[in-house]
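**Q** The following comprises the amino acid sequence and a computationally predicted model.
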Amino acid sequence: MNFGKNFGEDRNIQAEPGASNTEDMALEQALKNFRMSVVAWSDAAYSRPRTVTQAVRRKSWRLAAGWAMGCALAVGVVAGAGYERHRGQELARFEAERVASQQRLAQEQQGLLREQQAKAEEEDLLAKVDSDVSREVPSAMEPLAQMMAEDERQ
Amino acid sequence: MTRATAEEIAARKLEAATDEFSLVVERHRPQIFRFLLASTRDVDLAETLTQDCFLKAHRNWGSFRGESSAMTWLMRIAINLQKDHWRNRRMQFWRHTQTNSVDMEDAGEWLPSGESSAEKQLLAREQVSHVWTAVKGLSERQRTVFLLRYVEEQELSEIARATGLSEGTVKAHLSRAVGKVRTELGGKQ
């Protein structure tokens, strides 16, 4: 086999100014060795016993790892979404409870206020009645009241 | 009777085509594998791509008109498969988190045990390792052209047909590739 046979033909392609003959020879030798190396490696790899099971196993492993990662990601996303939803619901419930509690307190205060007002009105009414009743003289006592009034004049 | 004869002819044609394709596989498979191995530095990947190449060739064997040699046609398929593979790998980076490509040093270890001295063997290994380093730094096209020329020892016209480039472009890529190899060898010698 004539290794590196193209090198001589390619001299006009890759010749560089200042490239010496020694460099050319070194390059030619390197290219020959490179080809021999690739051929030797390829021949060895080509004639080796085929390891289909290994490849399949590795592919299966990769597939399984890919699926596992995908599943983990999906579970994470679903769990995250579930947690967010639950948290949102909890917050909404808490807020609703807070608003309801405030409303209840306000209603209680209003009721108390109304009760106090009603009580005050009732007390005023009773006082007014007492006052009115105390000023009026029953008809049976009228002569006596007139006498008292005359005495006072005299 | 006529129909039976037509079927027989078709069957014979199919059989002949199958035999012909088997011969093509037998003759060119090692070369295609070698090119793909040198391009990828991955034995498993090279085997897979070689299988894909011949599967594709078998499917399209009927449309092969013999305008170029079978080797050139197969090489063109192999080059396209290789390109597709790297493109897909870039797109689907999570599929393969690691590469099975061997290191330059390991690739450079492969030398036939000749009659040369241990010193020469060592020097040859170093040279091969430097060439691999330079090849790794080449662009995809430069690498393809370089390997077709210096490993497969193809003519420039054949390389042009296999890659779909003009001969001038092939020469330009080759010149740059050899320049880089020369620099790598010159700088490390």
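**A** Looks like it arrived, so ask away.
**Q** So residue B:41 versus chain A, what's the distance?
**A** Remark: distance between residue B:41 and chain A (C-beta to the nearest C-beta, to the nearest Å) = 9 Å. Heads up, the C-betas are built off the backbone N, CA and C, glycines and all.
**Q** Likewise for residue B:65?
**A** For residue B:65, the distance to chain A (C-beta to the nearest C-beta) stands at 28 Å.
**Q** how about that residue, secondary structure?
**A** coil (DSSP: H, G, I helix; E, B strand; the rest coil).
**Q** What distance do you get for it to residue B:73?
**A** 9 Å (C-beta to C-beta, to the nearest Å).
**Q** quick one: the residue lying closest to residue B:150 once chain neighbours are set aside from residue B:178, how far?
**A** Distances taken as C-beta to C-beta, 6 or more residues apart in numbering or on different chains place residue A:31 nearest to residue B:150, at 5.1 Å, with adjacent residues excluded. Using C-beta to C-beta, one gets 8 Å for the distance from residue A:31 to residue B:178.
**Q** what about residue B:68, which helix or strand?
**A** Taking DSSP states H and E as the definition, one finds residue B:68 inside no helix or strand.
**Q** So it sits against residue B:163, correct?
**A** No - contact criterion C-beta atoms under 8 Å: residue B:68 and residue B:163 do not qualify, at 11.9 Å.
**Q** For chain A, which residues score under the pLDDT cut-off?
**A** Filtered on pLDDT under 70, chain A yields the residue ranges A:1-20, A:50-58, A:135-138.
**Q** What ranges does it have for its helices?
**A** Assigned by DSSP state H, the helices in chain A fall at A:5-9, A:11-14, A:21-47, A:52-135, A:142-153.
**Q** to the chain's geometric centre, what's the distance from the last one?
**A** Per C-alpha atoms, centre = their mean, to the nearest Å, the displacement of helix A:142-153 from the mean C-alpha position of its chain is 93 Å.
**Q** Heading C-terminal from the least confident helix or strand in chain B by mean pLDDT, find the next helix or strand.
**A** Lowest on mean pLDDT, DSSP states H and E among the helices and strands of chain B sits helix B:104-108, with a mean of 62. Counting by DSSP H and E, the element after helix B:104-108 in chain order, helix or strand, is helix B:118-136.
**Q** same question for the helix or strand that residue B:85 is a member of, mean pLDDT?
**A** Using DSSP H and E, residue B:85 falls within helix B:70-91. Helix B:70-91 carries an average pLDDT of 86.
**Q** Now name the helix or strand holding the residue positioned nearest the centre of chain B.
**A** Centroid-nearest residue in chain B, with C-alpha atoms, centre = their mean: residue B:35, separated by 2.6 Å. In this assignment (DSSP H and E), residue B:35 forms part of helix B:2-40.
**Q** the inter-axis angle of the helix or strand following that helix versus helix B:2-40?
**A** Using DSSP H and E, the helix or strand that follows helix B:2-40 in sequence is helix B:43-59. Helix B:43-59 runs at 150 degrees relative to helix B:2-40, counting by axes from the mean of the first three to the mean of the last three C-alpha atoms, to 10 degrees.
**Q** tally of neighbours for residue 149?
**A** Assuming you mean chain A. 9 (other C-beta atoms under 10 Å in any protein chain shown).
**Q** not quite, I wanted chain B
**A** Around residue B:149 there are 25 residues (other C-beta under 10 Å).
**Q** Report pLDDT for it.
**A** On the pLDDT scale, residue B:149 gets 95.
**Q** From residue B:18, how far off is it?
**A** Residue B:149 is 33 Å from residue B:18, by C-beta to C-beta.
**Q** same question, residue B:30
**A** 20 Å.
**Q** The two: who's more crowded?
**A** residue B:30 (15 against 12).
**Q** OK, contacts around the closest residue to that one other than its chain neighbours?
**A** Closest residue in space to residue B:30, ignoring its immediate chain neighbours: residue A:46 at 5.6 Å, by C-beta to C-beta, 6+ apart. Applying C-beta atoms under 8 Å, 6 or more residues apart in numbering or on different chains, we find residue A:46 in contact with B:30, B:33-34.
**Q** any idea which of those residues is the one closest to residue B:82?
**A** Distance to residue B:82, by C-beta to C-beta, is smallest for residue B:33 among those, at 12.2 Å.
**Q** just checking, that closest one touches residue B:48?
**A** No - using C-beta under 8 Å, residue B:33 is not in contact with residue B:48; the gap is 10.6 Å.
**Q** Which one's more surrounded, these two?
**A** residue B:33 (23 against 17).
**Q** for the more buried one, what are its contacts?
**A** A:42, A:45-46, B:46-47, B:50 are the contacts of residue B:33 under C-beta under 8 Å, 6+ apart.
**Q** repeat that with 6 Å
**A** A:46, B:46, B:50 (C-beta atoms under 6 Å, 6 or more residues apart in numbering or on different chains).
**Q** The last one contacts residue B:32, correct?
**A** To tie it back to what came earlier, the one meant is residue B:50. Yes - contact criterion C-beta atoms under 6 Å: residue B:50 and residue B:32 qualify, at 5.4 Å.
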